Structure formats: C-alpha cells, structure tokens
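# Fold the following, please.
(2 chains)
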Amino acid sequence: MIIYWELFSVFFKIGLFSFGGGLAMIAFIQQEIISRNWLTPAEFAQVATISQMTPGPIAVNAATFVGARVCDSSPLASFFGSLVATLGVSMPSFILVLLVAGSLKRFSSSLAVKSILHAIRPAVIGFLLTAVLIFLKLALFPLLPDSTPGSFHPSGLILICFLFYLHYYRKVAPIPLIMLAGTLGFFFY
Amino acid sequence: MSDSKYFHMFKVFFKIGLFTIGGGLAMIPVIRDEFVEKQHWINDEDITDVLAISQSMPGVIAINASTFLGYRLGGIRGALVSTLGVVLPSFIIIFLIATLFTSEIGSNHYVNSFFSGVNAALAALLLAASIELGKKSVKDYVGCALAAFSALAVAVFDLDLALVVMLAGLTGFLYYRRKGADSL
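Residues are numbered from 1 along each chain as shown, chains lettered A, B, ... in the order given. Have a look, this model is predicted:
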C-alpha cells in the first residue's frame, strides 16, 4: 500500500514542478526515480528512448512505465502501479488548469506571473543541459551489463558530433535520427 | 451538451494522444485543425489561450491543453473526457511495453549497442534543443546566471529540482517584477 502512495506522491511532485515540457524534465524524472532505485540508469535510458519513439507526453510515459515496473508482483499490481503513478503526474495539471481557466487573461498577463516565468525559463535551460550530460555520459561510457558505467568510448564522441550536425544543420527529424543512431550503434559500440 | 459531443471530444483527444509523438506543443496544430477548421467549436483566439495556458502553467503540456479545451467546450465533464482521451493511448502502449518486454533487455550485446547509439542521438537532440530554447529564453545576465545556477545545482550538487524551480521563481518575482513590465 505504501508503495502506491509513494508512487502517487512522487509523480504528483513531478507533475507539479514540470516546466518547459518533455525533454527538460528528463533530469527531474531521473533524479526522483534513480534516487529511489525504482529503475537502473540503463532502464531509465530505455524509458527515455521509448518515450521519444512512442506517442504521448514523456512524463506520462515515465509514470506508466515506472508504476508497472515497481509493482511487478502480479499483472494486477502492475496495473494499479501504472494507474496511481499516471494519475499522480496528471492531477496537478488538471487541478491547476481548472483553477485558472476562468480567469486566464488576468492570470497570464499579470506582472507577477510574467516575472516568475521570465526567471523559470532560463532555469529550464539549465535542466536541459543537465539532461545533455546524462546522455553524453551514457554514450561515452556505455553501461556494462550490470548497469555500472564502462570505460571511455572515444568513437562515441564522433557519433554524437555527426548526429548533432545532421539534426542541427541538416534538419533531420528526431525519430529518423534516433533510428539511424541505433543502427550506427552496432558499428560504433 | 449531448453525449455524442463528449464522445467526439474523447475520440479527438485520443487521436491526438495516439499520434503526436513526443507530446507537448506538437499537438497544437492538430487541435486547431480539428476544433477550429473542422468542427468550428472554437476559434483562433481560443488556440492562443491554449498556448498561453501551456506556457504559463506548470505540468504536462498535453494535459494542460486538453483539460483547458475540454473545460471550455463542456465544463468539468468535458475536461475529464478530454484528459482521459489524451492520456489513454500512452498509458496502454507503455503499460504493454513495460509488462511484456521485461528484463531480457540489457543483457543482449546487440540491444545494448543499439541503445548506446540512441543515447548519442538523445545527447545531440537535447543539445540542439538547449541551444534553440536558450536563444529565446536567456535574455540578460540574470537569465544567464539562472541557467548556470540550475545546471550546476542539479548536475553537480544534486539539489532537488523542485527547489531550484521555486528559487528561480522567487528570483523572478523579486527581481523582474521590481524592474517592471519593460524588462519582460
């Protein structure tokens, strides 16, 4: 029972403090999940990948996945785990939006709200950079089967630069880029 | 509002949840196409409101947007139906993946190589996103300092990210509000 409550409250917190959507929140989700040993770093990286390739918000995907994995004693337990985690992550949005829906204009044009958001946006860039570090580390020091970081893999650096070039300068879309990167992974790793 | 309208809203948001990969703001054009162009239930001004709410509220963008539109179209019940619709596809797909593909992933060399390559792609994608968004959101020295502080706080000092969000918000409230609307 306690685990369900913990799942709910952790994902409620993730939903409540998410700004900037999706990718910016990877560092947040990772922080909360890895510190509780709910997933290994390797599993977490897989969730991030799956989220990039399947539809839907990454926070919801992470909640559903972690809920099922943490409560794996039976299919029913998994289902309830997924359910409470997903409810937890969705509820803050739902409640907060209903609270301001009636007075949206006054809310979003108020000086206080604008000032707060003006400072949170750069902070979100910091979170994004943290997420860059997470995946940089995973790509340069590929995890060993026991989920500990392996030795330095210099060719990973070439791969990252090449992929960055394709996406940033050649405008290759995220999903084709991920598929290409996975295929190149067979040669680079 | 008739039951068939609720059902239609559910269907549309289910479709949005099913087909917008990556979620977030990618769903806005789909929402516009369906509710402004096809159904004429809302107008472009409502779409602007959806954007405002998605960008000024914390939370999952897809849920913010669907709750807001659902509420405007059909009250609390509309909000529930739309939110359920947008979440359900992810829930079903990810639940199946999580329960069907258990831990044989991670022990296979080829699978590991694939995912290592994908991690390289995620690093590249996130770096590009940081640059693009950074150009738009970091506008002065305080913004620069906030970005550096939040990166260090989370990556090096492992500070609770929720705390960093609150500190940044407080800084904005104290600093930018005093400087007035011209600074924003």
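
# From here on, just use CA atoms for contacts and neighbour counts.
Noted.

# Tell me if whichever strand or helix holds B:Gly74 is near chain A.
In this assignment (DSSP states H and E), B:Gly74 forms part of helix B:61-100. Yes. Using C-alpha under 8 Å from any C-alpha of the partner chain, helix B:61-100 comes into contact with chain A via B:61-64, B:67-68, B:71, B:83, B:86-87, B:89-91, B:93-95, B:97-99.

# What subset of those is buried?
B:61-64, B:67-68, B:71, B:83, B:86-87, B:89-91, B:93-95, B:97-99 (16 or more other C-alpha atoms under 10 Å in any protein chain shown).

# Spit out the contact partners of B:Leu73.
Neighbouring residues of B:Leu73 by C-alpha atoms under 8 Å, 6 or more residues apart in numbering or on different chains: B:Trp41.

# quick one on the thing from earlier: which neighbouring elements make contact with the next helix or strand along the chain from the helix holding B:Gly74?
Using DSSP H and E, the helix or strand that follows helix B:61-100 in sequence is helix B:109-137. If contacts are counted by 3 or more C-alpha pairs under 8 Å, 6 or more residues apart in numbering or on different chains; DSSP states H and E, helix B:109-137 sits against helix A:41-53, helix A:111-140, helix A:155-164, helix A:174-188.

# Now do helix B:109-137: distance to the chain's middle.
18 Å (C-alpha atoms, centre = their mean, to the nearest Å).

# quick one: the helix or strand that comes right after that helix near chain A?
Once the chain leaves helix B:109-137, the next helix or strand it forms, by DSSP H and E, is helix B:141-155. Yes. Using C-alpha under 8 Å from any C-alpha, helix B:141-155 reaches chain A at B:143-144, B:146-152, B:154-155.

# So which of those residues is the closest to A:Thr86?
B:Val154 (24.5 Å; C-alpha to C-alpha).

# list the contacts for the residue nearest to the spatial centre of chain A?
Residue closest to the average C-alpha location in chain A (C-alpha atoms, centre = their mean): A:Ile26, at 3.0 Å. With contact set as C-alpha under 8 Å, 6+ apart, A:Ile26 has these partners: A:48, A:128, A:131.

# Could you say which helix or strand holds it?
helix A:26-34.

# Which residues does stretch A:93-109 contact?
Residues contacting stretch A:93-109 (C-alpha under 8 Å, 6+ apart): A:15-16, A:113-114, B:49, B:52-53, B:56-60, B:63-64, B:67-68, B:71, B:83.

# if you set the cut-off to 10 Å instead, what comes out?
Residues outside stretch A:93-109 that contact it (C-alpha atoms under 10 Å, 6 or more residues apart in numbering or on different chains): A:12, A:15-18, A:87, A:91-92, A:110, A:113-114, A:117, B:49-50, B:52-69, B:71-72, B:75-76, B:79-80, B:83.

# Same question for stretch A:158-168.
With C-alpha under 10 Å, 6+ apart, stretch A:158-168 has contacts from A:136, A:139-140, A:156-157, A:169-174, A:176-178, A:180-181, A:184-185, A:188, B:117-129, B:131-132.

# Please spell out the PyMOL selection for the buried subset of those residues.
Restricted to buried positions by 16+ other C-alpha under 10 Å, the PyMOL selection for the contacts of stretch A:158-168 reads:
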select buried, (chain A and resi 136+139+140+156+174+177+178+180+181+184+185+188) or (chain B and resi 117+118+119+120+121+122+123+124+125+126+127+128+129)
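
# Okay, and the residue of chain A most remote from its centre sits in which element?
What lies farthest from the middle of chain A is A:Arg106; by C-alpha atoms, centre = their mean that is 31.6 Å. Per DSSP H and E: A:Arg106 is located in helix A:104-108.

# Just the CA trace of that helix, in CSV.
Taking Å, rounded to 0.1, in the frame of the first residue of the first chain, the C-alpha atoms of helix A:104-108 are listed here in CSV:
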residue,chain,number,x,y,z
LEU,A,104,-6.9,33.0,-17.8
LYS,A,105,-6.4,36.5,-19.2
ARG,A,106,-5.9,38.1,-15.8
PHE,A,107,-3.6,35.3,-14.7
SER,A,108,-1.3,35.0,-17.7
